[in-house]
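**Student:** pasted the sequence and its predicted model underneath.
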Amino acid sequence: MNKSSSKPEKPVILVTGKDGQVGWELQRTLMPLGSVIALGQQQMNLADSDQVRTVIRDINPAVIVNAAAYTAVDKAEDEAELVMQVNATAPVIMAEEASRSGALLVHYSTDYVFNGSKQDAWTETDQPDPINLYGKSKLEADLAITASSSDHLVFRTSWVYASRGQNFLLTMARLIREHNKLNIVDDQVGAPTWARLIAETTAIAVQQSLQQKSRDEFQSELLHLASSGETSWFGFASAIRAIISAREGANVQLAELEAINSSEYPVQAARPANSRLDCRRLEQRFGLALPDWKRALELCMDEKQN
């Protein structure tokens, strides 16, 4: 007599911001863990609170991974209401819905919640003090989510780039070929972090967290998630130029790079001088440590070349 066996249903995983750098990668890294439903702005407009709540309730996910955000740092200074709605109010609604249904919420934050004045890398227990509106909006979400009753992981990351979308890597790769000389800021320090590594780290953390939840052992936490090592924007641009030069040969005319101070490159929104994040808590919790930023950059540019 054949016994009928039924496999356990895969959890439904809702990913927001599917067209962004991290959201695009998450669709692939999370697929082995469950049934991934990835939404863009057309399907879930984070500026519409009612829609956010309705969509989440209709999907009823076991995991919500919020990779959507308003990230135009300078433009944000002129669109305060929209920025706060997308970056603060919408994530709070997600936390409320996760708490109501018992879902796991994964949310991404930023190094810009800090003012940049510390000499060492920032830890999760350091006091935030954002110096631009974007950072303020992200901090508001951090505080609300971590104070909520939801099961949550908040990942603060920094200087995100990828082989697609709009980011420093792609902008520099284009400008280096188009210009004879470029001035690049050299007095802001951080760790460039590849979106794919953020997504892969997230997938492993989600897998472990679901297992912990099944045993009633899960603990919500805010964690820093960034590449190892450190550099300035000038150092980042120089590394990009060096890789292009090595791969395309001496016959390719590339821009010369000159290091400048932030005061010589005025922007609407202030940036922290020190964006380095201490990620030891991530390694302690999940056994994960991202590689040096230079190695990750080489791999990302390999992918872009292919």
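**Tutor:** Great, that's in hand.

**Student:** please verify my assumption that Ala289 contacts Cys279.
**Tutor:** Yes. In this structure, Ala289 is within contact of Cys279 by C-beta atoms under 8 Å, at 6.9 Å. Bear in mind the C-beta positions are built from the backbone N, C-alpha and C, glycine included.

**Student:** in this protein, which spans are strands?
**Tutor:** Using DSSP state E, the strands of the chain run over 12-16, 35-39, 63-66, 104-110, 151-157, 160-161, 181-185, 189-190, 193-194, 221-224, 231-232, 256-260.

**Student:** distance to Leu139 added to these, as a markdown table?
**Tutor:** What follows is the strands of the chain, written out as a markdown table (distance: least, C-beta to C-beta, whole Å):
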| stretch | distance to Leu139 |
| --- | --- |
| strand 12-16 | 19 |
| strand 35-39 | 25 |
| strand 63-66 | 15 |
| strand 104-110 | 8 |
| strand 151-157 | 10 |
| strand 160-161 | 17 |
| strand 181-185 | 23 |
| strand 189-190 | 17 |
| strand 193-194 | 19 |
| strand 221-224 | 11 |
| strand 231-232 | 24 |
| strand 256-260 | 29 |
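
**Student:** what residue ranges in the stretch 201-306 of the chain are flagged as low confidence?
**Tutor:** Within the stretch 201-306 of the chain, the ranges that satisfy pLDDT under 70 run 250, 304-306.

**Student:** now do the stretch 1-150 of the chain
**Tutor:** When the per-residue scores of the stretch 1-150 of the chain are filtered using pLDDT under 70, the ranges that remain are 1-8.

**Student:** in it, which spans are helices?
**Tutor:** In order along the chain, the stretch 1-150 of the chain carries the following helices (DSSP state H, counting those that start in this stretch): 21-29, 49-59, 80-84, 90-101, 133-147.

**Student:** just checking, what packs against the fourth one?
**Tutor:** Identification of packing neighbours for helix 90-101 by 3 or more C-beta pairs under 8 Å, 6 or more residues apart in numbering; DSSP states H and E yields helix 49-59, strand 63-66, strand 104-110, helix 133-147, strand 151-157.

**Student:** which one is Gly102 nearest to, not counting chain neighbours?
**Tutor:** In space, Gly102 comes closest to Asp151 once its chain neighbours are excluded; the distance is 7.3 Å by C-beta to C-beta, 6 or more residues apart in numbering.

**Student:** ok, that neighbour to Val63 distance?
**Tutor:** Between Asp151 and Val63 the distance, using C-beta to C-beta, to the nearest Å, works out to 10 Å.

**Student:** next: Val206.
**Tutor:** From Val206 across to Val63, the span is 6 Å (C-beta to C-beta).

**Student:** show me the beta-bridge partners of Ala38.
**Tutor:** Val15 (DSSP bridges).

**Student:** rewinding a little: beta partners of the residue nearest to Gly102?
**Tutor:** Each beta-bridge partner of Asp151 is listed here: Leu104, as defined by DSSP bridges.

**Student:** can you start the count at 305 instead of 1 from here on
**Tutor:** In the new count, where the first residue is 305, that last one comes out as Asp455.

**Student:** tell me where the longest helix sits in this structure.
**Tutor:** Taking DSSP state H as the criterion, the chain has its longest helix at helix 499-518.

**Student:** please name the bridge partners of Lys485.
**Tutor:** Glu560.

**Student:** test my guess that it contacts Ala563.
**Tutor:** No. With the criterion set as C-beta under 8 Å, Lys485 and Ala563 do not qualify as a contacting pair; they are 12.0 Å apart.

**Student:** which one of the two is surrounded by more residues?
**Tutor:** Remark: of Lys485 and Ala563, Ala563 carries more neighbours, 16 against 8, as counted by other C-beta atoms under 10 Å.

**Student:** hmm, back to that, quick check: neighbours shared by Ala593 and Cys583?
**Tutor:** When contacts are counted by C-beta atoms under 8 Å, 6 or more residues apart in numbering, the set common to Ala593 and Cys583 consists of Ser532.

**Student:** who has more neighbours, these two?
**Tutor:** Neighbours around Ala593 and Cys583, counted as other C-beta under 10 Å, are more numerous at Cys583. The numbers are 26 against 13.

**Student:** surely the more buried one and Leu529 touch.
**Tutor:** Yes. A contact is recorded between Cys583 and Leu529 when judged using C-beta under 8 Å, the distance being 6.3 Å.

**Student:** anything in contact with each of those two?
**Tutor:** Residues touching both Cys583 and Leu529 comprise Leu594, with contact defined as C-beta under 8 Å, 6+ apart.

**Student:** still on that earlier bit, what's in contact with the longest helix of the chain?
**Tutor:** When contacts are defined by C-beta under 8 Å, 6+ apart, helix 499-518 is touched by residues 315, 317, 325-326, 328-330, 332-334, 336-337, 366-367, 369, 408, 410, 412, 455, 457, 459, 461, 464-466, 522-523, 529, 531, 586, 589-590, 592, 594-595, 600, 604.
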